[in-house]
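K.L.:
next input, structure requested:
(one chain, ligands or ions: 1)
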Amino acid sequence: MYKEDIIAAIATPPGEGGVAIIRISGLDAEKIAAKIFAHAQGTNGQLKSHRLYHGDIHDPSSGRVYDEVLLTIMRKPRSYTAEDVVEIHCHGGAFLVRKILGLVLAHGARQAEPGEFTKRAFLNGRMDLSQAEAVLDLIRARTDKATELALTQASGELSKWIDQLREELLDILVQVEAAIDFPEEEIELLQRHILIRNVDELRQKLFDIINTYEWGRIFREGAKVCVCGRPNVGKSSLVNALLGEERVIVTPVPGTTRDVIEESINLDGLPVAIWDTAGICETDDPVERIGVNLSRQYLEKADAVLVVLDGSASITPEDEVVLRSAGTKKVIIAVNKNDLPRTIEVDAIGEFSHSNGTIYVSAKTTEGISELKKSLRALLLDSESEPLIVITNLRHKIALVRGEAALKRAMTTLGEGGAPEFIAVDLNEARESLEEVIGRVTNDNILERIFSHYCIGK
Ligand code: GDP
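P.N.:
Residues are numbered from 1 along each chain as shown. Below is the predicted model of the structure:
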C-alpha cells in the first residue's frame, strides 16, 4: 500500500489553451479546495460530489483573486483514482496554470509523479495493470485502430479473457494438487490423458493470443512495405496507383528514382509506409550504387516486400536478383503493365515459391490495384479477419510466452508419468505469468517501470 497523501498536477498539455485542468487527488483533497476556492453562489460547505461549481480561485493569505474557474469534487470511490479528487478548470495560460498549481501545492498537496494518478487507480483496484497500461496506449495512439485497440483493453476485455484462462488453469491445478495431497490416488493413466488434452487446449489459446501481438504492433506502429524491382518496370507508377494520385515523378529513363521515396497509404484502416526504392540490381554507376545500397537497408527494415515485374517483357537476370534479395521476407509479386500483351514467362515466376502471391496489375489503367491492396493488407496482418482479443504490449507478450512454455513443460512431464509435484510447479508458473499481465502478482520495480512512461497529470 501507499501513503494516501494529496498529489496534484496540471493534467492538460503545456502551453496556451482555452482551458487547463489541475487535478488533485488524495485523502481530504477537498480541504485544499475549501481554502482557495470561493463558490460564486455561497459557501463551499455544501459542495456536492460530481457537480461543476463556478467561482474564484484566490490566495487566502493576500485575498488576491487568481482566476475565475469551474471546480468539481469527485468523492471516493467514484473517481479516477478511487480517492477524493478535485479538478480545477481554469483559463489555459501557461503562467496562470502554474500559479494556481503553486497555490494548491502551498496548501498541502505534493507534485504528482508521472502516471501517479493512474498508479493509484491501479493500487486501489479501480483497474488492473493491463487496463492501466491501455490508458497510456490510448494517449499515445496515432491511428484510429490503435485507439480502438487501446480502448478495448482499457475497458477490461483482455483482463476478462486472462481471468477466464486463469480459472481454467486453476481447475487443472486443483486436480494435480489433489494428487499431491492424496498420493494414494495417483493420477491415473486415463486421467493423465485428459489432463494433457486440457493443458494443451489452454496452451493453444495462449499461443493464438501471442500471435496477435504482431497484428497489434502493426496497427499501432503502421506497416512498412518496400517496393523493389529493376528500373523501368513501373515501380513509381504503381506507387502512384496505390496512392490514387500523381505523387512520384515518373520518367521513362531507367534508374531515375535514386533516392528512396516514402509515401503513406491507408489500407482499410491499416497505416502503411510505402518505400519506393531505386531497385536492387548490380550496377557500376557510383550514384546508382548509393541508391542500391539504400534499397537494401530499407528492404531489411520492411515488414513486406512488393516485387514489381514488367509483364510485357521477359524476366531478366536483374529481376531474378530482385526476387532473390527479398529473402525470407513476406513477398507479393506485382506483374505490372498488364494492359500490354503479356510476354513474361509465368512459370518462371512460380519458381520463386517463397512469394506469398502473384497479382497482375496495370499501374496505367489501375486494373488489379484494389486486389493488390487487399492482398497486401492480408499478408501484413497474416489474416483477413480481426482477432477477438489482441495484445499490443510487449510486457504481456513476454509473460504469455513464458506461460505457454511452462504449459508445454507440464504436458511433457504429464506424458512421461512425472510426479504431480513437478507438474504443479510448471502449472503454477503459467498461472503466475497470467497474473503478471493483469498485475495480480507484481513488484515495485515493474510498477515503477510501467508508470514512469506516463506523463505527469495522468
Ligand atoms: P520505375 O523505374 O520502375 O519506377 O518505373 P516508372 O514508374 O518510372 O515507369 C517506367 C515507364 O513504364 C514509364 O514510361 C511508365 O509510363 C511506364 N509504365 C508504368 N506502368 C505501366 C503500365 O501499367 N502500363 C504501361 N503500358 N506502361 C507503364
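K.L.:
the nearest residue to G403 once chain neighbours are set aside and L407: what is the separation?
P.N.:
Once flanking residues are discounted, G403 sits nearest to S433: 3.4 Å by Cβ to Cβ, 6 or more residues apart in numbering. Yep, even glycine has a C-beta here, placed from its N, CA and C like the rest. According to Cβ to Cβ, to the nearest Å, S433 and L407 sit 9 Å apart.
K.L.:
out of the two, which sits in the busier spot?
P.N.:
More crowded of S433 and L407, by other Cβ atoms under 10 Å: L407, with 26 against 23.
K.L.:
check contacts around the more buried one.
P.N.:
199-200, 202-203, 206, 426-427, 430 (Cβ atoms under 8 Å, 6 or more residues apart in numbering).
K.L.:
near the ligand, list only the ones from the residues you listed.
P.N.:
By Cβ under 6 Å from any ligand atom, no member of the contacts of L407 lies near the ligand.
K.L.:
looking at the residues you listed, which are in helices?
P.N.:
Among the contacts of L407, DSSP state H puts 199-200, 202-203, 206, 426-427, 430 in helices.
K.L.:
among these, which one sits closest to the ligand?
P.N.:
When the ones in helices among the contacts of L407 are ranked by distance to the ligand (Cβ to the nearest ligand atom), L206 comes first, at 44.5 Å.
K.L.:
does the closest one touch A406 like I think?
P.N.:
No - using Cβ atoms under 8 Å as the test, L206 is too far from A406 to be in contact (9.7 Å).
K.L.:
for V321, helix, strand, or coil?
P.N.:
Assigned state for V321: helix (three-state reduction, DSSP: H, G, I helix; E, B strand; the rest coil).
K.L.:
can you pull the pLDDT of it?
P.N.:
Looking at V321, its pLDDT reads 83.
K.L.:
ok, it to V307 distance?
P.N.:
Per Cβ to Cβ, V321 is found 11 Å from V307.
K.L.:
swap in P341?
P.N.:
Here the distance between P341 and V307 works out to 21 Å (Cβ to Cβ).
K.L.:
these two: who's more crowded?
P.N.:
Just comparing P341 and V307: by other Cβ under 10 Å the higher neighbour count belongs to V307, 27 against 8.
K.L.:
contacts only, for the residue in the chain that the ligand sits nearest to.
P.N.:
Closest approach between the chain and the ligand, counting by Cβ to the nearest ligand atom: G234, at 3.0 Å. Listed by Cβ under 8 Å, 6+ apart, the contact set of G234 reads 308, 310, 336-337, 363.
K.L.:
for the stretch 301-450 of the chain, what lies in contact range of the ligand?
P.N.:
Residues of the stretch 301-450 of the chain lying near the ligand (Cβ under 6 Å from any ligand atom): 336-337, 339-340, 362-364.
K.L.:
pop the domain breakdown of the chain in here.
P.N.:
7-127, 134-212+391-439, 221-381 (automatic domain parsing).
K.L.:
burial of R75, as a residue count?
P.N.:
Residues near R75, counting by other Cβ under 10 Å, number 16.
K.L.:
what secondary structure does the residue nearest to it when sequence neighbours are not counted sit in?
P.N.:
Nearest non-adjacent residue to R75, counting by Cβ to Cβ, 6+ apart: S49, 4.2 Å away. With three-state DSSP as the basis, S49 sits in coil.
K.L.:
residues contacting S49?
P.N.:
Shown in contact with S49 (Cβ under 8 Å, 6+ apart): 73-75, 78.
K.L.:
how about G417, nearest residue that isn't a chain neighbour?
P.N.:
Using Cβ to Cβ, 6+ apart and skipping the chain neighbours, the partner closest in space to G417 is R192 (7.4 Å).
K.L.:
name the element that neighbour belongs to?
P.N.:
Per DSSP states H and E: R192 is located in helix 189-221.
K.L.:
contacts for the helix or strand just after that helix, please.
P.N.:
Toward the C-terminal end, the helix or strand that comes next after helix 189-221 (DSSP H and E) is strand 223-228. With Cβ under 8 Å, 6+ apart as the contact definition, strand 223-228 has outside contacts at 235, 238-239, 270-277, 279-280, 295, 298-299, 301-308, 322, 325-326, 376, 380.
K.L.:
tell me the helices in the stretch 101-250 of the chain, going along the chain?
P.N.:
Assigned by DSSP state H, counting those that start in this stretch, the helices in the stretch 101-250 of the chain fall at 116-123, 129-140, 144-154, 157-181, 189-221, 235-243.
K.L.:
report the mean per-residue pLDDT for the fifth one.
P.N.:
I take that to be helix 189-221. For helix 189-221, the mean per-residue pLDDT is 88.
K.L.:
what do you get for stretch 71-88?
P.N.:
Mean pLDDT, stretch 71-88: 96.
K.L.:
sorry, back to before: intersect the contacts of S49 with the contacts of the ligand.
P.N.:
Of those, not one also sits near the ligand (Cβ under 6 Å from any ligand atom).
K.L.:
narrow the contacts of G234 to those in strands?
P.N.:
Within the contacts of G234, residues falling in strands by DSSP state E are 308, 310, 336.
K.L.:
show the pLDDT at the first one.
P.N.:
V308 is assigned 94 on the pLDDT scale.
K.L.:
assess the claim that it and V233 are in contact.
P.N.:
Yes - using Cβ under 8 Å, V308 is in contact with V233, at 4.8 Å.
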